[in-house]
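Student: prediction below, plus the sequence it came from.
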Amino acid sequence: MARRCLIVANQHYQDPLFAELPGAAEDATALSDVLTQPGIGGFEVTVLRDAGGTAFRRAIEAFFQQAEREDLLWLHLSCHGMKNRDNRLFLVGSDTEREYLASTGVDCTFVSDQVESCRSGQVVVFLDCCYSGAYSRGLRTRAGDDSVDVAEAFGGKGRVVITAANALQFSHESMATSRDTAEPSIFTRAIVDGLATGDADLDRDGRISVDELYDYVYREVRARQPNQTPTRSVSSAEGTIMLAHNARVAGARLPAELVQASLSPLPWQRIGVVHELENLLASRREEVRSAAEELLARLATDPDPGVAGQARTMWFERGLGELRLPSVPETWTEHYRAVGIDFGTTNSSVAVFTDGECRIVPNEFGHRTTPSVAALTAGGEWLVGERAKNQAVTNPARTFSSIKLRLGTGWSTEVDGRRLTAEDIAGVILAHLKQDAERVLRGTIDEVALTVPAHFGLLERRALVDAARTAGLTVRRVLNEPNAAALAYGLDKDVTSQTVLVVDLGGGTFDVSVLSVEFVPPDKWSPDSTVIADVAAGSGDDRLGGDDWDARITDWLAARFRTAHGIDPASDEAAMRRLREAAERAKIELSAARVTTISVPYLAGGLSLEEQLTRAHFEQLTGDLLARVKQPIETALRDAEVRISELDQVLLVGGASRMPAIGTLVAELTGTVPRRGLIPDGVALGAAIQAAIVRGETRDTLLVDATSWSLAIETTDGELTTLIERNTTVPAKRSEIFTTTHDNQSEVQIHLHEGDGKAAARTRKLATFTLGGLVPAARGVPRIEVTIDVEVDDSVRVAAKELDSGREAHIVVDGQAARSVARSDPRLALARVKVAAPPFPPPSPR
């Protein structure tokens, strides 16, 4: 593993139309000096000055061709940038001719191709040139794939591109007005200063991540030059890429190789640092002991749970007292409102749209997802995510998982005399996601877009919104998960209508949706284009997910151990938990490899387990589960009356969709290679994009959601009168006139149902409320107008008004309304009006 950097700095140009950049050479030297310092960067740095086009391209190609998979690569380009008539960005070599830009310059797609073809798992590109933000427009994709899937080419680590200016800006202010000598680059200088002083270590944990460096440079550049906006582009990055060490923290008092190893992207090397620190903690020199404690405290917050766990264990075993975690500011001035949250059955994720980009916000461990698990300790403290999972064996009665499946069902449990509902626990998890994201973003989050499964009814949706409210979040949109995924993958706006199949296999549930997508171009009433995405048909299995594949491996391992040693690990919950964790790791490894070795030391009775599992055997063990995936896909296509040849796109979302067998099955069923580049981030990213569109932070196509179920009023004959049809775009408001069933009836009850069909008994009753004080009259005479109003956040208000007296009553549908249905009296139900027509005709389903 190596940390390598190539700096290309072109200061002088043969073409007089290109101004000299006197700061380039000096900045390259300063950057090289700081990156080579073992206590800061520890990079092997190569500097190429005043390179012509050929030398420019050769150096970049050699740099990436020589890379190994575990290398961290830093490419820094400081030169002129120029766009041609097609807005394609070209980097300017010392011999580039402005009139012959295509043949003498360096096309940014060349750089992109080299990045994509190299083996390295961590690549960071810094572009210090005019119009550098246009670089991302030149990114190429593999043949036959519309997405830049970096996860496969880079082992799941990803690529980050940071530019000095956006696609429309100069990176040197003087370039905007003349050919005079340009100013030195404030962009590169900010990078150097942030690394050299340690000021880019924004959370003061002793490490400088690529995100921290960008945030620091962004603020420095904007403060000195408001007309210049650095940009960042992240493609399929996983975890946190650490670029450097804060030299002010422990660096000068510890061996340089130890500090360098603490920055390694390999977790086992950082674990080795933990063990080396054990000796230094016993040093006679106080300054060494202090430095070792500081570094150990930093490793205790490592993104890798294994490293963090080892460091924390050593900290407490050495009796070092309260663990000094990095300080977190109590208040921030930055507010983030274009935020999307994918609250999943097994895992949840957060995405944010900022500075024109959409990205996943990692959690405190640097992971892109957080387990949707919460636990209440004996001391009354809530633990969420990994911490909750780690203590589940010793605290099973107070640990809650898969809570999403209980939303809106009325489920509750009692802990320490306190009644906890599913919404309470979901609120705890959402509050943790909010706090985690705020720490990473160093700003507050108060408005979000939430995603829900397409099959979720009104009660489940309202329950999630209520949970978000208890977490301090204002929900601006509730978006169907398949619609969010389609938005994240990108929809072809040149096609007026599309049919999209979305296959979503998560940790605990399986959903299939066929989307009918219709584009509405701008007109005089709406200056923006909109897209209406209806769920034409849906199917799925709410008891099928990646956890079931884990369970098959777990059962197989337990049986193998029982046969070999005569000991049943199922009798030991702690042993079974370790087996389940090993099974999950094996499943993940088999998505990339054809064979994996599963080792669980001292599983039970002092004996260890070690088994080899091939992908072929794994797929044999789970063949019946794969068959359960097939049926809902076929059902959804059949119900939508869509032929395979009519599918425009097939999208895979959900973490369990990574398994090769899933992609192969979907391809065989549809005849189309599914797009899978945004697993598992697509839903959260789509929600953040929608939130940004709603807030006007980006001008794009607005995705309009529709109701998943019909909303109807029950009448005395046990039948339903539908006011809001399924797939009606929201917001929506519809009214209907009803009457009484008895003479001199003083009150009526309004029964709201959800579902498709005519019979009330076959649908779900959502709420019941009473309109009293009616004017005495013969049956059929009173005119009672019932109105159902559905808002964009899925809130539903039902109102009833006697038109003659003006008396009215209403209800907002929530969990309390659902619990009140048991007190309803069907004898007071409304009757149909057979003569009068409703003031608003019910909509026709599209």
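Tutor: Yes, it's here.
Student: now do the contacts for the residue nearest to residue 621 when sequence neighbours are not counted.
Tutor: The spatial neighbour of residue 621 that comes closest, neighbours along the chain excluded (Cβ to Cβ, 6 or more residues apart in numbering), is residue 552 at 4.8 Å. Backbone N, C-alpha and C define where each C-beta goes, glycine included. For residue 552, the contact set (Cβ atoms under 8 Å, 6 or more residues apart in numbering) comprises 621, 622, 625.
Student: model confidence for residue 552, exactly?
Tutor: pLDDT recorded at residue 552 is 97.
Student: now swap in residue 798 and tell me
Tutor: On pLDDT, residue 798 comes in at 94.
Student: hang on, it packs against residue 771?
Tutor: No. Look at residue 798 against residue 771 with Cβ atoms under 8 Å: they stay out of range, at 10.7 Å.
Student: neighbour count: these two, which is higher?
Tutor: residue 798 (25 against 22; other Cβ atoms under 10 Å).
Student: returning to that earlier point: just the buried ones from the contacts of residue 552?
Tutor: 622, 625 (16 or more other Cβ atoms under 10 Å).
Student: what would the contacts of residue 552 look like in JSON lines with pLDDT, distance to residue 658 and secondary structure?
Tutor: Formatted as JSON lines, those follow (pLDDT from 0 to 100; distance: Cβ to Cβ, whole Å; DSSP: H, G, I helix; E, B strand; the rest coil):
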{"residue": "621", "pLDDT": "96", "distance to residue 658": "17", "secondary structure": "helix"}
{"residue": "622", "pLDDT": "96", "distance to residue 658": "14", "secondary structure": "coil"}
{"residue": "625", "pLDDT": "96", "distance to residue 658": "15", "secondary structure": "helix"}
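Student: I'd like the contacts of residue 552 written out as CSV, with distance to residue 808 added.
Tutor: As requested, the contacts of residue 552 are exported to CSV (distance: Cβ to Cβ, whole Å):
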residue, distance to residue 808
621, 61
622, 57
625, 53
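Student: least confident secondary structure element in the protein?
Tutor: helix 150-153 (a mean of 26; mean pLDDT, DSSP states H and E).
Student: now the helix or strand residue 579 falls within, how far from the centre of its chain.
Tutor: Assigned by DSSP states H and E, residue 579 belongs to helix 573-589. Taking Cα atoms, centre = their mean, to the nearest Å, one finds helix 573-589 lying 25 Å from the centre of the chain it belongs to.
Student: determine the set of other helices and strands touching it.
Tutor: The contact analysis (3 or more Cβ pairs under 8 Å, 6 or more residues apart in numbering; DSSP states H and E) places helix 573-589 against helix 546-565, strand 595-604, strand 607-614.
Student: quick check: buried residues in the shortest one?
Tutor: Residues of strand 607-614 classed as buried under the neighbour-count rule (16+ other Cβ under 10 Å) are 609, 611, 613.
Student: again with the first one
Tutor: Buried residues in helix 546-565, defined by neighbour count with 16+ other Cβ under 10 Å: 546-550, 552-554, 556-558, 561, 565.
Student: may I have that helix exported as PDB, CA atoms only?
Tutor: Extracted C-alpha coordinates of helix 546-565, given in PDB (Å, rounded to 0.1, in the frame of the first residue of the first chain):
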ATOM      1  CA  GLY A 546     -31.300  -9.900   3.000                       C
ATOM      2  CA  ASP A 547     -31.700 -11.100   6.600                       C
ATOM      3  CA  ASP A 548     -33.200 -14.400   5.200                       C
ATOM      4  CA  TRP A 549     -30.100 -15.100   3.200                       C
ATOM      5  CA  ASP A 550     -28.100 -14.500   6.400                       C
ATOM      6  CA  ALA A 551     -30.300 -16.900   8.300                       C
ATOM      7  CA  ARG A 552     -29.600 -19.700   5.800                       C
ATOM      8  CA  ILE A 553     -25.900 -19.300   6.200                       C
ATOM      9  CA  THR A 554     -26.300 -19.200  10.000                       C
ATOM     10  CA  ASP A 555     -28.300 -22.400  10.000                       C
ATOM     11  CA  TRP A 556     -25.800 -24.100   7.800                       C
ATOM     12  CA  LEU A 557     -22.900 -23.100  10.000                       C
ATOM     13  CA  ALA A 558     -24.700 -24.200  13.100                       C
ATOM     14  CA  ALA A 559     -25.500 -27.600  11.600                       C
ATOM     15  CA  ARG A 560     -21.800 -28.000  10.500                       C
ATOM     16  CA  PHE A 561     -20.600 -27.200  14.000                       C
ATOM     17  CA  ARG A 562     -23.200 -29.500  15.600                       C
ATOM     18  CA  THR A 563     -22.200 -32.400  13.400                       C
ATOM     19  CA  ALA A 564     -18.400 -31.900  13.900                       C
ATOM     20  CA  HIS A 565     -18.400 -31.400  17.700                       C
END
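Student: thinking again about what came up before, got the contact list for the helix holding residue 579?
Tutor: Residues outside helix 573-589 that contact it (Cβ under 8 Å, 6+ apart): 392-393, 396, 546, 549-551, 553-554, 557-558, 569-570, 596, 598-600, 603-604, 609, 613, 618, 658-659.
Student: just the angle between that helix and helix 546-565, please?
Tutor: On the basis of axes from the mean of the first three to the mean of the last three Cα atoms, to 10 degrees, helix 573-589 is oriented at 120 degrees to helix 546-565.
Student: for helix 573-589, what is the average pLDDT?
Tutor: 89.
Student: buried set for it?
Tutor: 575-580, 582-584, 586-589.
Student: quick check: domain ranges of the chain?
Tutor: Domain assignment for the chain, taken from automatic domain parsing, gives 3-245, 251-317, 711-832.
Student: looking at these, which is nearest to residue 635?
Tutor: domain 711-832 (15.7 Å; Cβ to Cβ).
Student: quick one: that closest one to chain centroid distance?
Tutor: Domain 711-832 sits 39 Å away from the centroid of its parent chain (Cα atoms, centre = their mean).
Student: elements contacting the helix or strand where residue 389 lies?
Tutor: Here residue 389 sits within helix 386-390, counting by DSSP H and E. With contacts taken as 3+ Cβ pairs under 8 Å, 6+ apart, helix 386-390 sits against strand 370-371, strand 374-376.
Student: in TSV: those, plus distance to residue 101 and mean pLDDT.
Tutor: As requested, the helices and strands packed on helix 386-390 are exported to TSV (distance: least, Cβ to Cβ, whole Å; pLDDT from 0 to 100):
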stretch	distance to residue 101	mean pLDDT
strand 370-371	47	93
strand 374-376	57	94
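Student: return the closest of the buried residues of strand 607-614 with respect to residue 477.
Tutor: Distances from residue 477 to the buried residues of strand 607-614, taken by Cβ to Cβ, are shortest for residue 613, at 42.6 Å.
Student: what about the stretch 501-650 of the chain, any weak spots by pLDDT?
Tutor: 520-532 (pLDDT under 70).
Student: all helices for the stretch 101-250 of the chain, in order.
Tutor: Along the stretch 101-250 of the chain, the stretches classed as helices by DSSP state H, counting those that start in this stretch are 101-104, 108-117, 150-153, 186-197, 210-224.
Student: which one of those is the most hemmed in?
Tutor: Highest mean neighbour count of the helices of the stretch 101-250 of the chain: helix 186-197, a mean of 23 (counted as mean count of other Cβ atoms under 10 Å).
Student: that one - what's its average pLDDT?
Tutor: Helix 186-197 comes out at a mean pLDDT of 91.
Student: angle of it against helix 210-224?
Tutor: Going by the same axes, to 10 degrees, helix 186-197 makes 120 degrees with helix 210-224.
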